[in-house]
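sequence? don't have it. structure:
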């Protein structure tokens, strides 16, 4: 009767407990952005995870693909390895390569607004 603690009945393996603990502890919102190293479609790809806003990067407005123009010293982008001339391919789980600039920028703004400031 009641809940049991620390018994052998219904216990998980140590690995399962550690995995559950890690997923419970890591609740910080993150924004994944997939980049290409440059405008070549076969260039190296890199996924980074932003944990706070502002992102600390700029790009030319109204132009696709979205290419990083500048990375702010001390900013989030620079600290996680974003460099000028990298091309954004995905924002979160959404591929933006065939999107309009307005749709891609709106998605980016929406995702950034979900991050802690």
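Perfect, I can see it now. Keep in mind that this is a model prediction, so the values were computed, not measured. Residues are numbered from 1 along each chain as shown.

Would you check how far apart residue 30 and residue 38 are?
In this view, residue 30 and residue 38 are 25 Å apart by C-beta to C-beta, to the nearest Å. C-beta: built from backbone N, CA, C; applies to glycine.

sorry, that was for residue 97
Counting by C-beta to C-beta, the gap from residue 97 to residue 38 is 14 Å.

give me phi/psi at the residue nearest to the spatial centre of the chain?
Centroid-nearest residue in the chain: residue 32, 1.5 Å away (criterion: C-alpha atoms, centre = their mean). Backbone torsions of residue 32, given as degrees, to the nearest 10, read phi -90, psi 140.

Tell me if I'm right that it and residue 46 touch.
No - in this structure, residue 32 is not within contact of residue 46 by C-beta atoms under 8 Å, at 10.8 Å.

Now the terminal residues of stretch 79-98, how far apart.
Taking C-alpha to C-alpha, to the nearest Å, the first and last residues of stretch 79-98 lie 28 Å apart.

thinking again about what came up before, residues contacting the residue nearest to the centre of the chain?
If you count contacts by C-beta atoms under 8 Å, 6 or more residues apart in numbering, residue 32 has them with 47, 48, 49, 50, 90, 92, 93.

Could I have the ChimeraX command that selects the buried members from these?
Command for ChimeraX that selects the buried part of the contacts of residue 32, burial taken from 16 or more other C-beta atoms under 10 Å:
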select :48,50,92
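
Mind checking which of the contacts of residue 32 are in strands?
Judged by DSSP state E, strands contain the following of the contacts of residue 32: 47, 48, 49, 50, 90.

sorry, back to before: run through the bridge partners of the residue nearest to the centre of the chain.
When bridges are called by DSSP bridges, residue 32 pairs up with residue 49.
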